[in-house]
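> Can you look at this prediction? I've put the sequence above it.
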Amino acid sequence: MSISERERMTEQYQNIVVEQRGRVGLVTLNRPSALNALNTALMNELVSAVRDMDTDPGIGAVVITGSAKAFAAGADIKEMSSKSYMEMYAADWFRHWEDLTRLRIPVIAAVSGFALGGGCELAMMADFIIAGDNAKFGQPEINLGVIPGMGGSQRLTRAVGKAKAMDMILTGRFMDAEEAERSGLVSRVVPAAEVIEEALKAAEAIASKSKPAAMVAKEVVNAAFEMGLAQGVVFERRVFHSLFATEDQKEGMAAFSEKRQPEFKHR
Ligand SMILES: CCCCCCCCCCCCC[C@H](O)CC(=O)SCCNC(=O)CCNC(=O)[C@H](O)C(C)(C)COP(=O)(O)OP(=O)(O)OC[C@H]1O[C@@H](n2cnc3c(N)ncnc32)[C@H](O)[C@@H]1OP(=O)(O)O
């Protein structure tokens with residue numbers, strides 16, 4: 001992407017910064033004065049940007065990140081506080097942002113600092129989280145008289161188990177990076193100053209693989225949350241069989257036999 005294209009993309013957005021680094025899309029939440037509190041404008045820009053990346057043949061993976069101090073400190077309390085029950089229920093607030101979990105290409109959340117409430121939920125909507133050693137995760141909504149509202153109770157429980165999820169949601173306590181890794185919430189912890197670099201490296205590695213294989217790998221792993229084991233194993237096996245219809249499978253296995261790096265077509 002040329003600098004002018006990148007500047008144009010950035011001009012489209014006020015609450016995020018959108019960049020392309022090789023075959024990786026990088027989205028940085030950009031509301032530093034509010035610790036990247038997630039308001040409607042930011043979420044709509046985020047969904048729009050990652051949807052464009054998802055259909056861009058030149059992008060194979062996405063990284064979403066925030067600032068050193070905050071990935072996102074939650075939903076924007078000031079925007080939310082005056083809403084009525086019927087305003088929330090009639091608009092079914094947050095439903096549309098579940099689209100973030102339906103992207104085809106892999107998404108990595110690079111988390112430094114606070115990932116609280118909606119910020120933790122947004123990170124858990126990614127395919128995996130790389131955390132800086134200063135990261136603090138939490139679902140402290142109970143302090144505000146509410147509960148998680150964008151999948152937090154469901155994804156946190158599946159990620160760390162009932163005991164820790166219940167502890168965090170009922171007490172509102174934060175979980176540091178070490179506990180988050182130990183609990184399975186994050187895939188790895190790196191020095192905070194290196195988290196974006198590490199996430200970009202992981203995303204570049206993913207984007208260098210076969211795109212159809214990466215897309216279906218994400219799909220079958222996520223299916224484990226929705227299917228029984230026997231059904232999931234059959235689904236995985238059928239998808240494995242289907243990859244033998246791709247050029248990338250032929251190229252990947254031929255490259256191994258010929259002792260060379262594969263040149264995937266990424267389509
Ligand atoms: C219905 C309308 C649509 C809503 C918008 C769309 C949302 C999309 C996402 C949906 C998420 C689903 C719902 C979710 O489950 C519910 C929530 O997330 S509720 C919020 C949960 N988060 C919190 O409770 C954390 C609140 N913040 C804090 O506790 C502290 O800020 C901190 C993170 C511990 C840091 O403390 P400090 O270092 O002391 O910093 P400050 O407190 O001074 O904060 C600096 C500055 O940022 C502002 N700010 C921080 N967090 C938020 C926030 N969540 N919303 C709005 N503003 C926030 C804070 O007010 C300060 O601003 P200033 O006062 O200086 O102007």
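Arrived safely.

> pLDDT below threshold where in this protein?
1-11, 267 (pLDDT under 70).

> Now do the phi/psi pair for residue 150.
The phi/psi pair for residue 150 (degrees, to the nearest 10) reads phi -130, psi 50.

> Who are the contact partners of the residue nearest the centre of the chain?
The residue lying closest to the centre of the chain (Cα atoms, centre = their mean) is residue 126, at 1.9 Å. Contacts for residue 126 were tallied using Cβ atoms under 8 Å, 6 or more residues apart in numbering; they are 64, 107, 108, 109. All C-beta atoms are positioned from the backbone trio N, CA, C, and that covers glycine.

> ok, those vs residue 190, which is closest?
Checking these against residue 190 with Cβ to Cβ, the nearest one is residue 108 at 12.3 Å.

> And the closest one, how far from residue 182?
20 Å (Cβ to Cβ, to the nearest Å).

> do residue 139 as well
From residue 139 across to residue 182, the span is 18 Å (Cβ to Cβ).

> Which one's more surrounded, those two?
More crowded of residue 139 and residue 182, by other Cβ atoms under 10 Å: residue 139, with 30 against 14.

> Hmm, that one is touching residue 154, no?
No - under the contact definition of Cβ atoms under 8 Å, residue 139 does not touch residue 154, with a separation of 11.1 Å.

> what's near enough to touch residue 159?
Going by Cβ under 8 Å, 6+ apart, residue 159 touches 124, 165, 183, 184, 185.

> Need those residues in JSON lines (columns: secondary structure and neighbour count).
JSON lines is the format used below for the contacts of residue 159 (DSSP: H, G, I helix; E, B strand; the rest coil; neighbours: other Cβ atoms under 10 Å):
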{"residue": "124", "secondary structure": "helix", "neighbour count": "25"}
{"residue": "165", "secondary structure": "helix", "neighbour count": "22"}
{"residue": "183", "secondary structure": "helix", "neighbour count": "18"}
{"residue": "184", "secondary structure": "coil", "neighbour count": "12"}
{"residue": "185", "secondary structure": "coil", "neighbour count": "27"}
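
> before we move on, back to that, show me the contacts of residue 126 that map onto helices.
Nothing among those maps onto helices, per DSSP state H.

> Can you tell me which of the residues you listed is closest to the ligand?
Ranked by distance to the ligand (Cβ to the nearest ligand atom), these are led by residue 64 at 13.3 Å.

> How much space separates the closest one from residue 108?
Note on residue 64: its distance to residue 108, by Cβ to Cβ, is 7 Å.

> who's more crowded, these two?
Higher neighbour count among residue 64 and residue 108: residue 64, with 27 against 24, using other Cβ under 10 Å.

> How about that one: which residues does it bridge to?
Going by DSSP bridges, residue 64 is paired in beta bridges with residue 27, residue 109.

> check contacts around it.
Taking Cβ under 8 Å, 6+ apart, one finds 27, 28, 29, 46, 50, 107, 108, 109, 110, 122, 126 in contact with residue 64.

> what about residue 168, how many neighbours?
Around residue 168 there are 27 other residues, counting by other Cβ under 10 Å.

> Please name the nearest non-neighbouring residue to it.
residue 139 (5.6 Å; Cβ to Cβ, 6 or more residues apart in numbering).

> quick one, what contacts the one you found?
Contacts of residue 139 by Cβ under 8 Å, 6+ apart are 116, 117, 120, 121, 147, 148, 152, 153, 156, 168, 169, 172.

> What about the residues you listed, which are in strands?
Those of those mapping onto strands are residue 116, per DSSP state E.

> Would you mind checking which of the contacts of residue 139 is nearest to the ligand?
Closest approach between the contacts of residue 139 and the ligand, by Cβ to the nearest ligand atom: residue 117, at 2.4 Å.

> Who's the closest spatial neighbour of the closest one, skipping the chain neighbours?
Distances taken as Cβ to Cβ, 6+ apart place residue 74 nearest to residue 117, at 3.0 Å, with adjacent residues excluded.
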